[in-house]
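Participant: sequence? don't have it. structure:
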C-alpha cells in the first residue's frame, strides 16, 4: 500500500539546488548527479580556469559541463562503497586546494561567481576571474578573524530579496582584518560549505600549519583517515582501531581473514550492512591486484574510516572542538548547554557520559570524546527527539476524566473487515499492550446460553454470518479473561469496557455474572460513586482516583425502573441515526477526494432493547447518542427565549434533564465531523463535562481509520480507531498518546478545560492566551534505510526523500518535503531546513515520513510521529518505525530542532522587516473586545494600557537580545554563553589581557571597557548595554503589570454569574447576547494568556542574567581582584528558585 503517489506540493523554498522532482527521469542509475546541475546557469567559468589535480579521492568530478570550456567541481557523500567520505581536516584542505566555484555576495546586491582555491602552502585564499591583479585577488589566511556559518552578516541582512533565495545551509562568511570586514560566500551545496568552513577553522586553530606545509598537506596518512599534523582525535582513533585489530589478529602478523575483518567492523559499527563491507574489501584487493583475501591493518583502518565515518557528525565535531577532532568535558558541557538545551549540565555528568560513549581506552583515560564516541552519543536514547521526561507519566492525573484524551480502540477483536471478519483475542491483547484505555466489546447471543464475542448488525442480517465455520467462536468470558489479564500491564489507569450488545435478557444476566466473577474487585460499581449533589455526582473522578479499576460503559435502565428487566432505546450504531442531520449529504472527513457521499437516513423509530437489571446495575457510565448533545444545545436555546442566553464557552445553564449518572455520548464519524465544523464552540463546551466518543463510519468495511486530529481539535476525548489497521491515522494516534508515558491518558489543552475560555476548532490565526511558536527543523541525514517492504523483486536501489507533516488546528496544518537523494543512498545527506508556525502547540503533532521515490506501489520506508510538546531542541536522533509501528533496527533520521516564539525560527532577520528598526509603529498589540454591556466594558477598559505595556516590555527585551546576538555574528537562537565567548575573542589583546571587565550595577552584570576599543567592538558593547537595560526594565516592571491584569480579571469574573441579568438590563437578545458573552470569554482568556506570557518573559530575563554572569566569569571577564563569591547568585538581581516551576504554567499542559 503506497503512502502517497508523489509529493509535488509543499516543497521547501530553500531546498538544496540539487532537487530532483519525484518520478523524474534521472538517466542511468549509476550516474552521479552534480549539486546544482542544470540550475546554476549564470555560473560560467573562464577557459583559463582549470581544475587542480585531485589530492583526495573524496573529490568526484563525474559530470563535465562544457560551459565556457571550464568544469565545475563538487564533492559526493554518497553511500556507494567506492566513494570516500570526509573523515579529517586533510580531506577538507585537499578539496580546497583543488578549488571550486563559490558565489560572492556584495553589499550592493550583486552576485559574482568566482573560482576559489587555497594555496598549496595554505597561506592564501585566491579567486578568479577578477578585475583586480592576481596579487590583490587574494586573502591572507593569517588576517582571518573568524568564520561564520549562515546568513548573519550585514551584507546578507541588508540584501533582503536576494538573501531570501540563498540557501542558509550553503552560506558562510569570512571575517578578516582589524575592522572586521566580511567576505560573504555561498557554495553550491551545504556539503561544500561545510568543507570550506571546516578547513578555514582548522587553519585558524593551527596557525603553525600556515605557510609551512611545503606544498602539500602534512599528516595525510596512508589510510586516508589521519588528520592533518595528527590531531588528538585522529591519533586516538588510529590507536583504538589498531587495538581492536590486534585483538582479532591471533598470530600477531598484522593480517586477518576477510571474514574476521568484516565481523569486527560490523561489531564496531552496528547497523552497517555486511555486504557493503565485503564489497569495499573486494575493491581494495582489486586495486592492489592482491591474490589473497586476507586484510592488513592498514586496509582495515582505511575501510573502517571510509564506511563508518558520518560526514555530518564529523563536521559538527570539528566545529565544536576547534578542529582537535575530539571533545574534552568542558567542550561537551558547552555543547550540552548551548545546543542540547541542558542548562543544568555539570562537568561530572560530562565525564560520566564520556566514559559511557567513548570506545577507546585512551579517550576514557584522558577525558576525550572522539568521533566514534560522539557518534554513539548522538545515536543514544538520551539524544532522541522525544523528551525523556515524556517516557513516564508527566502530567497531572488528578483532574476529571473529561479533561483527558483517552486512547480508544474500535472492534480490535475483528480480523480482516468489519462485516465478514472473524473474532480473535490477539487484537484485544495488542490494543491493550499499546496502552488503549477504552475497549469496545461487541456481544451477541451464543449457543447453550453462552454469549459470544462478535458484532450483530440487526435482524436483517443472519447472526451467525460473522462466525467462520473453520474457526471456533470466541466466548465473552474468554475475552473478559484476556482483558483482565492484560488490563493494567501497560498502564495503571482506569480501563473503560465499552459494551455494544444485543443479547437476550437471559444471556445478559450470564454476561453480568461473568463480569463480576472475572473482574472481581477491579470492577467499579455505580454504588461506589462519590457523594453527589442533587442525585448526581458533581464531576467525573480522576484517573488517579480510579487507578486499577475497570468501568463498564453501556446502556442503563432509569433509576425508577422496577422489576428484573426493562426496555431502553438502542440508538443506531451507524452514522448519525437521523436527528437534525436527517436527509443531508455529507462526506467522510479526510475522504473527500474519494468522492464517498453519504446521505443521513431519516429518523426512524429507535429500536427497543430489553435490558436486564443485573447488567444495568454494573454499568458505571451510561451510553447515549447524539440526542444528548442536541438536547443540551436545545436547552440553551430554550433558556435564551426566557432569559438572556449562556455562551457555549461559559456554561451556566444546566441540562434540561440531569441524569443521575455519568454519561458518554457516542457519535458517528460523519456526524462528529459535522459538529466540529458547524458547532465547534458548542462541542468544546459539551465535552468539558461529558465524555464524547466518535466511532469510524460504517462504510469503512476494510477497517480503515478516520483522521483523529479532526476530532481532537473539537474536544472529543475518545476517538475510536481500528488498532489492527496500520497507517498514518494510527501513527498520529500513537504519537499523541506517547506524550504522557503511553498510559492512555493525555491532558487536553487548558482552553478546553477552563470554565471560562475561548477556543474554536477552526481558528485560522493565533489562539488568544496561547503563545504561538515557530518550529525550525533541519533534516540533516538518514541512516541505514532499508528497502521498502516487498521491493526485493523491483530493484536494488532506493531514492529516498523525507516528508514533514504538521497536524493541528487548520492554521497549523502544513506539509513540506526534502529533495530526493538519488543513487542508491541508504545513508543520504539532505541538509535542508523547514519552518512551521504553530499557533496551538498543545494540539500539534509532527510526523516524519521517509519514502522511496522509485516505487509506484510500496514506497513507504519508515515514519515517526511525535507531539509538539515532546520535542527536544538541538541535534536529535529520530528512530524510524515500520508500517505496523515496530522499530526498524538502527534506522533513523538526524535532525536539528529549534523552537522559538519569534517569527523566522531563530534566523537572522532582514533589517527592512526588523522590529528593532520599525520600533513600536509596526508592532501588533492584543486588544480586548467590546461586549456591548456598559458596566463590563468599563471594567475591562483599564486593561488596555497594561496590555500595550506588557507587549512593549516583552518585545523590546527580545529585540535587544536578538540584536546583541546578531552583532556577535550568531543566530538569534544561540545561547548567551556563546555570545560572550565571541565577544571575548574581540576583547582579548595579543598579550592575553581583556579590554573590558564585568561589574555588578544594582545587581545587573554590566561590562566596563578598560582600554580604547575598536569601533566594531564598541558597537558590540553598546548592544550589550542596551540588552541589559531592556532586561532590567522588564524585570522591574513585570510584577506591577501582572497585578493590574489580575485586578481587571477579578473584577470581570465578578460579573460572570450575572451575565444574563446584565444582558437583559441592556436589552440584548439572541445573537447580540451570545456575542456579548463570547467577547467576555475572549477578554478573560486574553488577560490570562498575556499575564502568563509576561511571567514567562520575566523568567527568561532572569535566566539570561544568570547565563551572562556565569559566562563572563568563565571567560575571564571578571577583575582579578574579585573572587568567585563576588558574583554569587545572591548578589545578582534574581534567585535561582524563580526558575522553578516554569514548565508548570498554564501552557505546560498540566506537566508536573
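Facilitator: Good, I have the coordinates. For clarity, every value in this text was computed on a predicted model and none was experimentally measured.

Participant: Can you tell me how far residue 753 is from residue 624?
Facilitator: Separation of residue 753 from residue 624 (CB to CB, to the nearest Å): 22 Å. Just so you know, the C-beta spots here come from the backbone N, C-alpha and C atoms, and that holds for glycine as well.

Participant: so residue 694 touches residue 718, yeah?
Facilitator: Yes - between residue 694 and residue 718 there is a contact under CB atoms under 8 Å: 7.3 Å.

Participant: mind listing the strands in the stretch 51-200 of the chain by residue range?
Facilitator: 59-60, 74-75, 100-105, 111-118, 124-128, 138-140, 144-149, 171-176, 181-186 (DSSP state E, counting those that start in this stretch).

Participant: do you know which of those strands lies nearest residue 486?
Facilitator: Closest approach to residue 486 among the strands of the stretch 51-200 of the chain is made by strand 144-149 (51.6 Å; CB to CB).

Participant: Show me what the closest one is packed against.
Facilitator: strand 171-176, helix 190-205, helix 976-987 (3 or more CB pairs under 8 Å, 6 or more residues apart in numbering; DSSP states H and E).

Participant: count of neighbours near residue 259?
Facilitator: Look at residue 259: counted by other CB atoms under 10 Å, it has 12 neighbours.

Participant: give me the element it is part of.
Facilitator: Assigned by DSSP states H and E, residue 259 belongs to helix 258-268.

Participant: what packs against that helix?
Facilitator: In this structure, helix 258-268 packs against helix 232-248, helix 274-287, strand 295-296, helix 297-308, with contacts taken as 3+ CB pairs under 8 Å, 6+ apart.

Participant: if you set the cut-off to 6 Å instead, what comes out?
Facilitator: helix 274-287 (3 or more CB pairs under 6 Å, 6 or more residues apart in numbering; DSSP states H and E).

Participant: Show me the shaky parts of the stretch 51-200 of the chain.
Facilitator: 51-85, 87, 130-134, 159-161, 163 (pLDDT under 70).

Participant: just the helices in the stretch 351-500 of the chain please.
Facilitator: 361-366, 371-378, 425-433, 476-486 (DSSP state H, counting those that start in this stretch).

Participant: looking at these, which is closest to residue 866?
Facilitator: Minimum separation from residue 866 across those (CB to CB) falls at helix 371-378, 17.6 Å.

Participant: same for that closest one, what does it pack against?
Facilitator: Counting contacts by 3+ CB pairs under 6 Å, 6+ apart, helix 371-378 packs against helix 311-321, helix 347-357.

Participant: Please repeat the previous calculation with a cut-off of 7 Å.
Facilitator: On a contact count with 3 or more CB pairs under 7 Å, 6 or more residues apart in numbering; DSSP states H and E, helix 371-378 meets helix 232-248, helix 311-321, helix 347-357.

Participant: Pick out the shakiest of those helices, pLDDT-wise.
Facilitator: Among the helices and strands packed on helix 371-378, helix 311-321 has the lowest mean pLDDT, at a mean of 87.

Participant: Identify the residue spatially nearest to the residue nearest in space to the middle of the chain, adjacent ones excluded.
Facilitator: Residue closest to the average C-alpha location in the chain (CA atoms, centre = their mean): residue 871, at 4.5 Å. Closest residue to residue 871 apart from its sequence neighbours, by CB to CB, 6 or more residues apart in numbering: residue 897 at 5.7 Å.

Participant: before we move on, back to that, redo the strands of the stretch 51-200 of the chain as CSV? Include distance to residue 1031 and mean neighbour count.
Facilitator: Output for those, formatted as CSV (distance: least, CB to CB, whole Å; neighbours: other CB atoms under 10 Å):
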stretch, distance to residue 1031, mean neighbour count
strand 59-60, 49, 19
strand 74-75, 44, 25
strand 100-105, 34, 21
strand 111-118, 39, 18
strand 124-128, 40, 19
strand 138-140, 38, 16
strand 144-149, 25, 19
strand 171-176, 27, 22
strand 181-186, 29, 21
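
Participant: Any idea which of those strands gets closest to residue 989?
Facilitator: strand 144-149 (13.8 Å).

Participant: Name the single longest strand found in this structure.
Facilitator: strand 887-900 (DSSP state E).

Participant: name the helices or strands packed onto that one?
Facilitator: If you count contacts as 3+ CB pairs under 7 Å, 6+ apart, strand 887-900 packs onto strand 773-783, strand 874-881.

Participant: what's the angle from the shortest one to strand 773-783?
Facilitator: It refers to strand 874-881. 60 degrees (axes from the mean of the first three to the mean of the last three CA atoms, to 10 degrees).

Participant: Any stretches of the stretch 801-950 of the chain with poor pLDDT?
Facilitator: Using pLDDT under 70, the flagged stretches of the stretch 801-950 of the chain are 823-824, 854-858, 902-922.

Participant: hey, where'd the helices end up in it?
Facilitator: Going by DSSP H, counting those that start in this stretch, the stretch 801-950 of the chain shows helices at 915-918, 934-940, 944-967.

Participant: for these, which one ends up most surrounded?
Facilitator: Highest mean neighbour count among the helices of the stretch 801-950 of the chain (mean count of other CB atoms under 10 Å): helix 944-967, with a mean of 21.
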